[in-house]
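Q: Return a 3D structure for these sequence lines:
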Amino acid sequence: MTSNKQEKKPWLKVILFNLLCFGIIIVITELIYGGWLHKDKPLKVACVSLYCSAKFEYDSPTFGKTKFSKDKYGLRGRKSSNSDIDIVVVGGSTTDERSLDDKQEWAYVLEQEFIHSGKSIEIVNAGIGGQSTYGHIWNFNKWFPHIPNFSPKYILFYLGINDIDFRHRLRFIRPGNIPGNSKIWYDIKQLTFKVFDDIRGLSFFYEILRNIKGTIAASKAGLSYRMDVSDVIYEVEFDSNKNNWDNYKNDFLKEEFVPRLKELLRLTRKIGAEPIFVTQRTARWVLKEGKIFGQGANTNRGTEIFKGKKYFFNSSDIGFKEKLLSDSVLEFCEKNKLLCIDGFSNFPINNNTTSDLTHTNAEGSRKIAEKLFELLKPRIQL
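A: All right, here's what the predicted structure looks like:
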């Protein structure tokens, strides 16, 4: 028995030696090609969520030939890293618009509207899919400071859809109310995700993996938001008695959402820009004779508990939440004498201008851009 064990030991040593050599090679490769020693280390970490240097081209059954690209700083539509930016648009997936071609997304079309009117202007898209106002604040702290020559005149926030719920996407910012409202939980999440974000952002091998995944997603038109909405039926009538909306307005909008708007105002002016707040809505509901009717069957799509109070939401409740949030933004703008666009009421969002009742198709984005141009041109100085 002793003799057999001794015979196996050389093989174990060979395996361990090879693993050690393999590990050393990985570490050396990471140090040489990764971002661990890079002067733009914070930006490389942020780029995990920003699709920096993205160049996707694919054929989509919904949108046809599509090109989605971003520069090395994660910005879409910037002409060069030395160009002067007039307007930066910030928002979630309805701003990011990765389903649409670079020349179809509404920020680009808006820029062209100004140019055709005789204004030399640059509008840059900083939209990130999934971002709420939590993520917009993150931009100022973790992203914008690392972009050279970043001094826009205006920052346009296209918001509303991703902020109507209590639950927010952990990928872009880690709010302290998931779960509950525990400061300890928040700190743990911040620390945990910071470690993972550092590894993903700085690792050479992870960047290779991310590029491969992106290529596969693009080839499958995986960047597209699409569903058949041609025959959608709106039959879920809104019931105002189901939830205590006064609690929603006081506990969530006034105490949680509006303070984030104040912070965005402060951060925008801190970099020498002026904010433009633009509200939005989805096509998951319609108004019929002044009443909200949601899309689909009359079933609750979610139950949420916030500050010990339970809320039940279906598609009609979503419409009412979008209205309350839009009103909250408009009230904030009026109180602080800010430029605000009521996109909730003015943009033609319906099943013909969206690909999935939320994200606009090329026609919908063009109409948003045209309406924005009409409302912005007399009110901003460029």
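Q: packing partners for the helix or strand hosting residue 335?
A: Residue 335 belongs to helix 315-336 when assigned by DSSP states H and E. Helix 315-336 is packed against strand 234-237, helix 258-270, strand 274-279, strand 285-288, strand 291-295, strand 339-341, helix 343-346, with contacts defined by 3 or more Cβ pairs under 8 Å, 6 or more residues apart in numbering; DSSP states H and E. Every C-beta, even on glycine, is put in place using the N, C-alpha and C of the backbone.
Q: how about the last one: buried residues?
A: Burial within helix 343-346, assessed by neighbour count using 16 or more other Cβ atoms under 10 Å, is assigned to 343, 344.
Q: quick one: pLDDT of residue 224?
A: Model confidence at residue 224, given as pLDDT, is 52.
Q: One more: the one 5 residues further on?
A: Per-residue confidence for residue 229 comes out at a pLDDT of 69.
Q: what do you get for the one 10 residues further on?
A: Note for residue 239: predicted pLDDT of 93.
Q: and the gap between it and residue 18?
A: 67 Å (Cβ to Cβ, to the nearest Å).
Q: Which of those two has more residues huddled nearby?
A: residue 239 (14 against 10; other Cβ atoms under 10 Å).
Q: which SSE is the more buried one in?
A: Residue 239 belongs to no helix or strand, assigned by DSSP H and E.
Q: tell me, how many neighbours does the nearest residue to it once chain neighbours are set aside end up with?
A: Leaving aside its sequence neighbours, residue 239 sits nearest to residue 316 (Cβ to Cβ, 6 or more residues apart in numbering; 7.5 Å). Residue 316 has 26 neighbours, counted by other Cβ under 10 Å.
Q: Then the one 5 residues further on?
A: Applying other Cβ under 10 Å, we find 22 other residues in the vicinity of residue 321.
Q: quick revisit: could you give the mean pLDDT of the helix holding residue 335?
A: pLDDT averaged over helix 315-336 gives 96.
Q: Can you give me the neighbour number for residue 87?
A: So residue 87, with other Cβ under 10 Å, has 24 neighbours.
Q: scratch that, residue 291
A: Residues near residue 291, counting by other Cβ under 10 Å: 10.
Q: And residue 98, by the same measure?
A: Residue 98, neighbours per other Cβ under 10 Å, totals 23.
Q: what separates it from residue 278, distance-wise?
A: Counting by Cβ to Cβ, the gap from residue 98 to residue 278 is 19 Å.
Q: Assign a three-state SS to the closest residue to residue 95 other than its chain neighbours, would you?
A: Spatial nearest neighbour of residue 95, chain neighbours left out: residue 127 (2.9 Å); criterion: Cβ to Cβ, 6+ apart. At residue 127 the chain is in coil, as set by DSSP: H, G, I helix; E, B strand; the rest coil.
Q: Quick check: residue 127 touching residue 93?
A: Yes - the criterion here is Cβ atoms under 8 Å, and residue 127 meets it with residue 93 at 7.3 Å.
Q: Of these two, which one has the most company?
A: Neighbour count, other Cβ under 10 Å: between residue 127 and residue 93, residue 127 has more, with 22 against 18.
Q: for the more buried one, what are its contacts?
A: By Cβ atoms under 8 Å, 6 or more residues apart in numbering, the residues touching residue 127 are 76, 89, 90, 91, 92, 93, 94, 95, 96, 97, 107, 158.
Q: So the closest residue in space to residue 318 that isn't next to it in sequence versus residue 236, what's the distance?
A: Take residue 318 and drop its neighbours on the chain: the residue closest to it by Cβ to Cβ, 6+ apart is residue 284, 5.5 Å away. Between residue 284 and residue 236 the computed distance is 10 Å (Cβ to Cβ).
Q: Need the residues touching each of the two.
A: By Cβ under 8 Å, 6+ apart, the residues touching both residue 284 and residue 236 are 294, 295, 315.
Q: Neighbour count for those residues - can I get that in JSON lines?
A: Listed next are those as JSON lines, based on neighbours: other Cβ atoms under 10 Å:
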{"residue": "294", "neighbour count": "23"}
{"residue": "295", "neighbour count": "22"}
{"residue": "315", "neighbour count": "24"}
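Q: closest to residue 352 among these?
A: Closest approach between the shared contacts of residue 284 and residue 236 and residue 352, by Cβ to Cβ: residue 295, at 14.0 Å.
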